[in-house]
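K.L.:
Next one to model:
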Amino acid sequence: MELITVILMICLGKATKIFERISWHLSTCLHLREGIDYKTTTILLDGRRVKLELWDTSGQGRFCTIFRSYSRGAQGILLVYDITNRWSFDGIDRWIKEIDEHAPGVPRILVGNRLHLAFKRQVPTEQARSYAEKNCMTFFEVSPLCNFNVIESFTELSRIVLMRHGMEKIWRPNRGE
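P.N.:
Next up is the predicted model:
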């Protein structure tokens with residue numbers, strides 16, 4: 001059985017490029033409207049196929065109303081900032097408030113993007129990790145360019161979502177296994 005997990009991504013700064021160089025397969029990629037892209041892919045999670053529906057928002061303030069609409073169905077949220085751009089990290093606070101108001105209790109992960117540019121870092125790893133802990137989030141730093149921790153961040157969020165909803169109890173073997 002294939003389970004579906006709906007993930008909303010809020011990307012700030014150059015973090016919107018997180019999918020540009022990912023080597024895993026995106027089944028569907030649609031640009032729905034300004035500020036929202038829809039992507040699907042399937043990952044293996046503990047030997048089971050999980051279909052991810054990714055709603056990728058740009059994270060800009062003018063898209064807050066779009067976020068309010070799309071957040072209703074989100075089962076997990078990735079908050080992605082650019083480690084080389086302090087402004088993008090500072091903008092996470094505003095999004096946390098939006099999430100708390102419009103999608104309370106939805107699991108979220110803080111993702112520092114562009115790790116391959118660590119020599120230009122403006123957001124220290126420990127500061128981001130501490131911020132994530134304070135806000136009950138798991139934390140990853142990723143590099144799509146090096147294919148480092150990208151799949152792992154989605155896999156971990158999917159695992160949290162499925163455990164939270166008790167869906168691990170309804171998993172049945174995939175056909176063809």
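K.L.:
Please identify the buried residues of stretch 112-131?
P.N.:
Gly112, Asn113, Arg114, Leu115, His116, Arg121, Val123, Ala128, Arg129, Tyr131 (16 or more other C-beta atoms under 10 Å). All C-beta spots, glycine's among them, are computed from the backbone N, C-alpha and C.
K.L.:
Now do the helices in the protein.
P.N.:
Secondary structure of the chain (DSSP state H): helices at 64-71, 86-90, 92-102, 125-134, 150-164.
K.L.:
and the ones you listed, which is most packed in?
P.N.:
Each of those was scored by mean neighbour count; the highest is helix 150-164, a mean of 19, by mean count of other C-beta atoms under 10 Å.
K.L.:
Under the pLDDT cut-off, which ranges of this protein? List them.
P.N.:
Confidence mapping of the chain against pLDDT under 70 gives the ranges 1-5, 8, 12-36, 57-72, 166-177.
K.L.:
who touches stretch 133-141?
P.N.:
79, 83, 96, 108-113, 115, 125, 128-129, 132, 149, 152-153, 156-157, 160 (C-beta atoms under 8 Å, 6 or more residues apart in numbering).
K.L.:
try it again with 7 Å
P.N.:
Contacts to stretch 133-141, defined as C-beta atoms under 7 Å, 6 or more residues apart in numbering, come from residues 83, 96, 108-112, 115, 125, 128-129, 132, 149, 152-153, 156.
K.L.:
try stretch 146-160
P.N.:
Stretch 146-160 is contacted by residues 5, 7, 22-24, 43, 45, 50, 52, 76, 78, 107, 109, 111, 115-116, 138, 140-142, 144 when judged by C-beta under 7 Å, 6+ apart.
K.L.:
Out of those residues, name the ones that lie in strands.
P.N.:
Applying DSSP state E to these, the entries found in strands are 5, 7, 43, 45, 50, 52, 76, 78, 109, 111, 138, 140-141.
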